[in-house]
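Engineer: Quick one, structure for this:
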Amino acid sequence: MAWLLRRVGISLALIWVVASIVFLAIHLVPGDPAELLLSQGGASPDPAIVADLRDQLGLNRPILVQYADSLWRLLHFDLGHSMQDDSPVGDEIARRLPRTLELIVAAAILAVVVGIPAGTVAATRRGSVFDRIAGWLAGLSLAVPVFVVGTLLVMVFAQWLRWVPAGGYVAFATDPARHLLLLSMPAITIGLGLAAVMFRMTRAAVLDVMLKDYVRTARAKGVAPRRVLVRHVVRTALMPVVTVLALHMGTLLGGTVLVEYVFNWPGLSGLLVSAVNGRDYPEVVGIVLVISILFVALNLAVDILYGLLDPRVRRG
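Structural biologist: Residues are numbered from 1 along each chain as shown. Okay, here's the model as predicted:
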């Protein structure tokens with residue numbers, strides 16, 4: 001329990017550091033934030049409008065008061081209001097975030113289902129035809145950018161074969177079958193590259209563990225090969241693989257912009273692009289904070305999973 005509380009405390013401290021960095025970054029940018037937000041096409045905004053916006057954003061108050069207020073609002077899940085339509089930023093993020101998370105989770109499931117078994121088989125059959133072909137496909141998947149993969153999938157499966165729509169979004173509650181159909185291509189686009197990473201990491205980790213003394217000892221004692229592979233090799237090899245998976249999922253939180261654009265998937269990345277283009281300061285800050293908090297939460301989940309896979313971590 002002490003180990004878990006320590007990890008949670010570290011995660012909360014990281015969230016505080018991230019929130020502080022975001023706050024300082026906004027206030028350390030050269031120039032007046034309100035004037036920068038209102039500047040369009042290089043034209044100078046009306047001073048009265050700038051003063052009104054500074055008052056609206058609370059920029060006239062002392063810096064420490066602004067900092068304390070931002071932390072207090074964050075503790076109450078208050079991310080402010082959009083400058084474009086005065087709607088609560090938190091509500092719009094809450095509406096779009098599940099769509100991006102669904103896309104990332106679907107891609108991660110695909111990567112795990114394909115990458116880990118393929119990497120394990122390739123390691124146990126090192127140098128075989130399967131190992132060579134799988135390694136070549138993994139290298140190809142890593143070399144091709146996601147927007148190229150997405151465009152090719154649209155051309156082949158949507159335009160030529162007409163098996164799936166080119167893009168769009170339908171709520172699961174409205175039409176579950178169509179929702180999953182529309183989710184398939186963007187999830188595959190992201191999942192292919194992640195599956196290649198999982199394949200390479202799993203193959204390398206399994207090969208490394210297979211050379212350990214305790215694995216050779218288990219084999220010498222006559223333990224069944226499948227039991228050795230599952231209980232001694234794969235379980236240990238999964239630890240670095242889990243770390244890489246979690247880190248990549250955190251990266252994908254901010255890296256799905258192109259995929260959501262190609263497939264017209266209305267997730268959080270599209271909201272971030274529109275907020276940046278519209279210079280919507282509260283919305284940009286809110287999205288950055290949410291993505292950062294989710295990244296910290298993913299790392300906490302990895303730490304907990306590490307503790308479950310290896311009891312030595314809990315004693316550290």
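
Engineer: Now the closest residue to Ser87 other than its chain neighbours, what are its backbone angles?
Structural biologist: Ranked by Cβ to Cβ, 6 or more residues apart in numbering and with sequence neighbours excluded, the top spatial neighbour of Ser87 is His81, at 6.6 Å. (C-beta placed from N, C-alpha, C; glycine too.) Here is the backbone geometry of His81 (degrees, to the nearest 10): phi -120, psi 150.

Engineer: my guess is His81 contacts Glu92, does it?
Structural biologist: No. Assessed by Cβ atoms under 8 Å, His81 is found out of contact with Glu92, at 10.1 Å.

Engineer: next one: the helix or strand hosting Arg178 to chain centre, how far?
Structural biologist: Using DSSP states H and E, Arg178 falls within helix 176-210. In terms of Cα atoms, centre = their mean, to the nearest Å, the centre of helix 176-210 is set 14 Å apart from its chain centre.

Engineer: What of stretch 80-88?
Structural biologist: 25 Å.

Engineer: got it, and stretch 74-93?
Structural biologist: The answer for stretch 74-93 is 22 Å, by Cα atoms, centre = their mean.

Engineer: Please tell me how far the residue nearest to Ser87 sits from Ile26.
Structural biologist: From His81 across to Ile26, the span is 16 Å (Cβ to Cβ, to the nearest Å).

Engineer: just to revisit the earlier point, how many other residues sit next to the residue nearest to Ser87?
Structural biologist: Neighbour count for His81, taken as other Cβ atoms under 10 Å: 18.

Engineer: any idea how far it is from Val285?
Structural biologist: Distance of His81 to Val285, computed by Cβ to Cβ: 12 Å.

Engineer: And Val233, by the same measure?
Structural biologist: 46 Å.

Engineer: so who does Arg162 touch?
Structural biologist: By Cβ atoms under 8 Å, 6 or more residues apart in numbering, the contact set of Arg162 is empty.

Engineer: and it, helix, strand or coil?
Structural biologist: coil (DSSP: H, G, I helix; E, B strand; the rest coil).

Engineer: again, but for Val223
Structural biologist: Following three-state DSSP, Val223 is assigned to coil.

Engineer: quick check, distance from the helix or strand that the helix holding Arg178 is followed by to the centre of its chain.
Structural biologist: Next in sequence after helix 176-210, counting helices and strands by DSSP H and E, comes helix 213-220. Offset of helix 213-220 from its chain centre (Cα atoms, centre = their mean): 38 Å.

Engineer: any idea which helix or strand of this structure has the worst average confidence?
Structural biologist: None of the helices or strands of the chain scores lower by mean pLDDT, DSSP states H and E than helix 311-315, at a mean of 61.
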